[in-house]
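J.: Sharing a sequence plus its predicted fold:
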Amino acid sequence: MFHEPKLQSAADMRQFRLMEEVFTNSGESLKDKIDAFPKFASRQAISKFLVRLEIFKQILEVNGSIIECGVLHGAGLFTFAKLSAIFEPVNHTRKIIGFDTFEGFPSVSDEDKGTGSSSHLSSGGLAGSNLTDLEQAVVLFDANRNLSHIPKIELIKGDLTITGPEYVKNNPHLVISLLYLDMDIYQPTKVALQTFLPRMPKGAIVAFDELNTSTFPGETIALQETLGIGSLRLRRHPIDPYISYAVL
């Protein structure tokens, strides 16, 4: 989850400062703080977690792996991984696959810069966590799940316009139950739709994190140029303004 500086009010900024102060000054052990995460997490972050939960529950009976394009700090990736570990602990064929450069945007196209208002729209923008940190989080995840000897999470580093088609070519068995698009920008979003949609059965879900937002117009343009907005019944949940999705 990221925050666009241009859209934050004085109250928002005060909340962010208080979150850090309360977390830092709280006397519990670090483990106890993490287990008590609602004490510190923002309402918006918990709302996004709950929407992901609702989406995940809809694909429980749909075969296929979950692909997240745009990992950032791993909140979405590990939400889906842990939900799978909780709701379907023996479903070892459902992989959670995260695509990211782990170095920020490789480039930004005219479709993004033309009208996009985000301050992050530049090469290297929204870099998020590095690959080493996320790999250590995978080790932590594997320490507390069934069938932990079978890998569950895959992290694919690089420009998705290259790594996406390569992954499909190298994994001819791939079926996708959920495609979660959170790259924000035009070119990789378009390639992701073109590459992964043919591997999605009826009942699978494609989800978007930045449709209909002036900060990142490229995601909407990519959808319009591939599936077409009118071809989908775009749904949303009232507790989060950003995530939208369609059941195929």
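T.: Perfect, thanks for sending it.
J.: For the spatially most central residue of the chain, which non-adjacent residue is spatially closest?
T.: For the chain, Gly76 is the residue whose C-alpha lies nearest the centre (Cα atoms, centre = their mean; 4.5 Å). Using Cβ to Cβ, 6 or more residues apart in numbering and skipping the chain neighbours, the partner closest in space to Gly76 is Glu68 (5.4 Å). Every C-beta, even on glycine, is put in place using the N, C-alpha and C of the backbone.
J.: The residue nearest to the centre of the chain against Asp182, yeah?
T.: Yes: counting by Cβ atoms under 8 Å, Gly76 touches Asp182, with 6.5 Å between them.
J.: Between these two, which contacts overlap?
T.: Residues touching both Gly76 and Asp182 by Cβ atoms under 8 Å, 6 or more residues apart in numbering: Glu68.
J.: helix, strand or coil for the residue nearest to the centre of the chain?
T.: Put simply, Gly76 is helix when judged by DSSP: H, G, I helix; E, B strand; the rest coil.
J.: Can you show me the helices along this protein?
T.: 10-25, 30-35, 43-58, 75-87, 110-113, 131-142, 160-170, 186-196, 218-226 (DSSP state H).
J.: So what's the residue count around Gly98?
T.: 26 (other Cβ atoms under 10 Å).
J.: what's across from it in the sheet?
T.: According to DSSP bridges, the residues that bridge with Gly98 are Glu68, Leu155.
J.: Just the CA coordinates for the helix-or-strand element of the chain with minimal mean pLDDT, please, in CSV.
T.: Of all helical and strand segments in the chain, the minimum by mean pLDDT, DSSP states H and E falls on helix 110-113, at a mean of 84. What follows is helix 110-113, C-alpha atoms only, in CSV (Å, rounded to 0.1, in the frame of the first residue of the first chain):
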residue,chain,number,x,y,z
ASP,A,110,3.2,8.5,-22.7
GLU,A,111,-0.1,6.8,-21.8
ASP,A,112,0.9,7.2,-18.1
LYS,A,113,2.6,10.6,-18.2
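J.: Number the residues from 494 up from this point.
T.: Will do, 494 is the new start, and the previous item becomes helix 603-606.
J.: Please point out which parts of that helix sit buried.
T.: Residues of helix 603-606 classed as buried by neighbour count (16 or more other Cβ atoms under 10 Å): Glu604, Asp605.
J.: Below-threshold pLDDT in the protein: ranges please.
T.: 494-499 (pLDDT under 70).
J.: quick one, domains of it?
T.: Using automatic domain parsing, the domains assigned to the chain come out as 494-534, 536-740.
J.: Out of those, which one sits most buried?
T.: Of all those, domain 536-740 has the most neighbours on average by mean count of other Cβ atoms under 10 Å, namely a mean of 18.
J.: ok, the residue in the chain sticking out farthest from the centre - contacts?
T.: Here the chain reaches farthest from its C-alpha mean at Gly520, the gap being 32.0 Å by Cα atoms, centre = their mean. Applying Cβ under 8 Å, 6+ apart to Gly520 gives no contacts.
J.: now it: how far from Leu686?
T.: Separation of Gly520 from Leu686 (Cβ to Cβ, to the nearest Å) stands at 48 Å.
J.: Over to Asp677?
T.: Using Cβ to Cβ, Asp677 is found at 14 Å from Leu686.
J.: Check Gly569 too.
T.: Gly569 is 18 Å from Leu686, by Cβ to Cβ.
J.: next one: Gly651
T.: Separation of Gly651 from Leu686 (Cβ to Cβ) stands at 18 Å.
J.: Same question for Asp605.
T.: Asp605 sits 16 Å away from Leu686, taking Cβ to Cβ as the criterion.
J.: again with Phe701
T.: According to Cβ to Cβ, Phe701 stands 10 Å off from Leu686.
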